[in-house]
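sequence and computational prediction follow.
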2 protein chains.
Amino acid sequence: MHFLADRMQVRQDGGVRDTPYTRVDIAVLEQNLAAMADRARARRVALRPHAKTHKSPDIAARQLAHGAVGLTVATVAEAEVFAAHGFHDLFIAYPLWFEGPRAARVAALLARGVRLRVGIDSVDGVGMLEAATTDSDRSRLTVAVEVDSGHHRSGVDPARAGVLARAATHLGLEVAGVFTYPGHSYAPDGMHKAAGDEQRALRVARDALIVEGLACPVGSGGSTPTTASDAVAGGETESDDVLTELRPGVYALGDAQQWELGAVAPASIALSVVATVVSRRVDDDGAVRLIVDAGSKALASDRPDWASGFGRCVEHPDARIIALSEHHATMLFSGGHPTPALGTRLRIVPNHVCTAVNLVDDLIAVDDDGAEEVWPVAARGANT
Amino acid sequence: MHFLADRMQVRQDGGVRDTPYTRVDIAVLEQNLAAMADRARARRVALRPHAKTHKSPDIAARQLAHGAVGLTVATVAEAEVFAAHGFHDLFIAYPLWFEGPRAARVAALLARGVRLRVGIDSVDGVGMLEAATTDSDRSRLTVAVEVDSGHHRSGVDPARAGVLARAATHLGLEVAGVFTYPGHSYAPDGMHKAAGDEQRALRVARDALIVEGLACPVGSGGSTPTTASDAVAGGETESDDVLTELRPGVYALGDAQQWELGAVAPASIALSVVATVVSRRVDDDGAVRLIVDAGSKALASDRPDWASGFGRCVEHPDARIIALSEHHATMLFSGGHPTPALGTRLRIVPNHVCTAVNLVDDLIAVDDDGAEEVWPVAARGANT
């Protein structure tokens, strides 16, 4: 793809970058992409990675090279960016609302030949999508019914999927199938339960379509934790497995949430924010507090209740990031251990990679020889 | 300033923007800027607003028009952006570490005539700053000693300020004075205590400079809550008041944290994220859950323990934002109240305006007649 050719090559010439910056280890990334592609092949399901995690055409191109069938995106703006970079099979896994320019934007994507699948979870939304598109546009458009598998966010009750799918077909829209996001997998011991809930919800939804006389070729699911969970459980394919497609996002880069959930091993985390120790103090009890220059504007502020802190340090995994300001992370080291000196560079793994990537214009991708490439976060801020 | 002249004027022509977008009410902003400027004049202190809140040359220009003496910034990159827009009196209130290109970047700012004050909190940092600059550069450079007033982030013990200031003067750096950030004001009932702590810490630090035979013309402090607290307490100027300069940031725009702390009245909140209800469900107990299309990539994920949720809704302040995904906010309405229909547009006030502004390229500024201007967030992402 053309954008790969003219990307700036960066040489460090022995210098160092100013911190904070966001670094990707290319070898680890490649291992992650290969492993998930293998897992999808073993389960005989399609892999359609969620690009909201990385917003990077460079990483998306590598995912397709490993056999991904297309990309998942969250917004029309992400679809526009990836389409402009040559990705023409996109699933907008979101119940879009077509008021204002969005309808024309989706029609324009279809008119230029992009194949789109769009999420639906209301009859009103279906009607607006139909009104926004021409018969010609709709030759490249399908819809998928979003169902709630326990995360209680968007998505209809799986038993209602058939009614909504029928409403779509009545309006001339082609129904590809059903999808769900088992986001309740993001909790300690949540992975296995959520993976089971996901299968059950998709099965109920598929059967609801069949009752309405509709086919359901696509059953799409798969967060990074539930995918990991399936792997833990042996990855066996049930004969009536309703899942035909996986949409994991975080697996490519990893983050501290996945590390602490046990869904991703620390050695499989490809992204970190490189930061410098800029301030240092010793508390009365001998504990050492370090301030590093990566705060919430580099790491993002995500912090689930069960997380040990606001991220994890690669070099000092036992240190706790107890506070986060915009440009300060406060790291606490218990007494008696050697601690980094002022000026030391540390790699901090953000709690949530998707929000951390959205903060920077570029990822600094490093190969095993230390050579660097700049990978633009082309869809950074493309959130509308 | 030239950038004000060629800014694109936007007409809506009766249409609507796609959501989410970040909106600023110009009249409320102007009221906030005027009120803080009046408060600073009444207290006979300089106002040097923190520009990390808005990262906007448009808003900074309005702050200077109201009498601000200059700007505070958090990073060299912010200083570079504001200098490029004609702001030439800047305080980088951060203990910079000069490894890599940063030293040359600071020297370049000084060489082009920008007056810089830079924070220091270690002898090592002072030495690196001295090494990075020439005698000529240093005619426009001062340093200020950061002291810890109870937030326990960066900053030295106030009693040690004199030793550090002396180290700086020995190296030929001019010491402007001392500064602190009373960030522990961001807690329920924290405002008054933090305001007192701030005054005490600055007084101890000033006296420590005097003991070393140094003058201390600048005593800089003032978060938005402590500034509000002073106002609540009557705003009286003590005769020996050590505070000579205020650096509030959030006051310009307001946010849900300040709203819930009682530091900013809801009517004084100038910034909100406009979002659309895209999904709707009724729970078994009659409670209604709405999903709006502004998530953590529009609002940021900041959520202190004491906050009621992940932001507040202007139109429905009693609704609770109980969950936040990247593109979904889950709003809970208790049963029995009328709730917004699908497609309704709502204004959501982010918990922390500084991190929310950093997510968008533009602010949509709206005057009392509904006319819109696009104000670039020129320093968005300028966090290194």
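Yep, it's here. Numbering: from 1, shown residues only, chains lettered A, B, ... in the order given.

quick one: distance of stretch A:22-36 to the chain centre.
Remark: stretch A:22-36 is offset 14 Å from the chain centroid, using CA atoms, centre = their mean, to the nearest Å.

next one: stretch A:156-173
Using CA atoms, centre = their mean, the offset of stretch A:156-173 from its chain centre is 27 Å.

just checking, residue A:361 touches residue A:376?
Yes - the pair residue A:361 / residue A:376 is scored as a contact, 6.7 Å apart, by CB atoms under 8 Å. (Glycine included, C-beta is placed from N, CA and C.)

the more surrounded of the two?
Neighbours per residue (other CB atoms under 10 Å in any protein chain shown) separate residue A:361 from residue A:376, with residue A:376 holding more: 18 against 13.

just list the residues touching the nearest residue to residue A:152 once chain neighbours are set aside, thanks.
Distances taken as CB to CB, 6 or more residues apart in numbering or on different chains place residue B:289 nearest to residue A:152, at 7.0 Å, with adjacent residues excluded. Counting by CB atoms under 8 Å, 6 or more residues apart in numbering or on different chains, residue B:289 makes contact with A:152, B:280, B:281, B:282, B:283, B:330, B:331, B:332, B:333.

so how far is residue A:128 from residue A:107?
Going from residue A:107 to residue A:128 by CB to CB, to the nearest Å gives 12 Å.

and the one helix or strand the residue nearest to residue A:152 maps to, average pLDDT?
Taking DSSP states H and E as the definition, residue B:289 sits inside strand B:288-292. For strand B:288-292, the mean pLDDT works out to 96.

what pairs with that strand, parallel or antiparallel?
The strands that strand B:288-292 pairs with in its sheet are strand B:271-282 (antiparallel), strand B:329-333 (antiparallel) (by DSSP bridges).

of those strands, which is nearest residue A:257?
Among the strands paired with strand B:288-292, the nearest to residue A:257 by CB to CB is strand B:329-333 (18.5 Å).

now that closest one: mean pLDDT?
For strand B:329-333, mean pLDDT is 96.

and stretch A:222-239, by the same measure?
Mean pLDDT, computed over stretch A:222-239, is 58.

same deal with stretch A:251-270?
Here stretch A:251-270 scores 96 as its mean pLDDT.

list the buried ones in it?
Within stretch A:251-270, the residues that count as buried by 16 or more other CB atoms under 10 Å in any protein chain shown are A:251-261, A:263-264, A:268-270.

who in the stretch 51-200 of chain A is up against chain B?
A:52, A:74-76, A:94-97, A:99-102, A:105, A:121-122, A:124-125, A:148, A:152-155, A:183 (CB under 8 Å from any CB of the partner chain).

using the three-state scheme, assign residue A:143.
On the three-state scheme (DSSP: H, G, I helix; E, B strand; the rest coil), residue A:143 is labelled strand.

for it, what are its contacts?
A:117, A:118, A:119, A:120, A:126, A:129, A:168, A:173, A:174, A:175, A:176.

rewinding a little: partner residues bridging the residue nearest to residue A:152?
residue B:281, residue B:332.

roughly how far does the closest residue to residue A:104 other than its chain neighbours sit from residue A:226?
What sits nearest to residue A:104 in space, not counting adjacent residues and going by CB to CB, 6+ apart, is residue A:132, at 7.4 Å. Separation of residue A:132 from residue A:226 (CB to CB) stands at 33 Å.

tell me which of those two has more neighbours.
residue A:226 (31 against 18).

tell me which element that one is part of?
Using DSSP H and E, residue A:226 sits within helix A:224-232.

strand partners of the following helix or strand past that helix, parallel vs antiparallel please.
Downstream of helix A:224-232, the first helix or strand assigned by DSSP H and E is strand A:245-246. Each strand paired with strand A:245-246, and its direction, by DSSP bridges: strand A:46-47 (parallel), strand A:218-221 (parallel).

show me what the helix or strand following strand A:245-246 is packed up against.
Using DSSP H and E, the helix or strand that directly follows strand A:245-246 along the chain is helix A:256-261. Under the contact definition 3 or more CB pairs under 8 Å, 6 or more residues apart in numbering or on different chains; DSSP states H and E, helix A:256-261 sits against helix A:224-232, strand A:312-313.

residues contacting the last one, please?
Taking contacts as CB under 8 Å, 6+ apart, the residues outside strand A:312-313 that touch it are A:256, A:259, A:260, A:319, A:321, A:331, A:346, A:347, A:348, A:349.

what's the average pLDDT for the next helix or strand after it?
Downstream of strand A:312-313, the first helix or strand assigned by DSSP H and E is strand A:320-324. Strand A:320-324 carries an average pLDDT of 97.

from the contact counts, what lies against strand A:320-324?
In this structure, strand A:320-324 makes packing contacts with strand A:329-333, judged by 3+ CB pairs under 8 Å, 6+ apart.

buried sites along the strand it packs on?
Neighbour-count burial for strand A:329-333, with 16+ other CB under 10 Å as criterion, is recorded at A:329, A:330, A:331, A:333.

report the angle between that strand and strand A:320-324.
Strand A:329-333 runs at 150 degrees relative to strand A:320-324, counting by axes from the mean of the first three to the mean of the last three CA atoms, to 10 degrees.

could you check how far the helix or strand just after strand A:329-333 is from the centre of its chain?
Note on strand A:329-333: by DSSP H and E, the next helix or strand toward the C-terminus is strand A:345-349. Strand A:345-349 sits 21 Å away from the centroid of its parent chain (CA atoms, centre = their mean).

which residues touch the residue nearest to residue A:104?
Applying CB under 8 Å, 6+ apart to residue A:132 gives the contacts A:98, A:103, A:104, A:106, A:107.

so what does the second one have for phi and psi?
Phi and psi for residue A:103, reported as degrees, to the nearest 10, are phi -60, psi -50.

that one reaches residue A:130, doesn't it?
No - between residue A:103 and residue A:130 there is no contact under CB under 8 Å: 10.4 Å.

Throw the contacts of residue B:289 into JSON lines and include distance to residue B:383, thanks.
Listed next are the contacts of residue B:289 as JSON lines, based on distance: CB to CB, whole Å:
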{"residue": "A:152", "distance to residue B:383": "34"}
{"residue": "B:280", "distance to residue B:383": "37"}
{"residue": "B:281", "distance to residue B:383": "38"}
{"residue": "B:282", "distance to residue B:383": "42"}
{"residue": "B:283", "distance to residue B:383": "40"}
{"residue": "B:330", "distance to residue B:383": "29"}
{"residue": "B:331", "distance to residue B:383": "30"}
{"residue": "B:332", "distance to residue B:383": "33"}
{"residue": "B:333", "distance to residue B:383": "37"}
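
between these, which sits nearest residue B:381?
Nearest to residue B:381 out of the contacts of residue B:289 is residue B:330 (CB to CB; 28.0 Å).

check contacts around that closest one.
Contacts for residue B:330 were tallied using CB under 8 Å, 6+ apart; they are A:152, A:153, B:289, B:290, B:291, B:321, B:322, B:323, B:324.

return the per-residue confidence for residue A:68.
pLDDT recorded at residue A:68 is 98.
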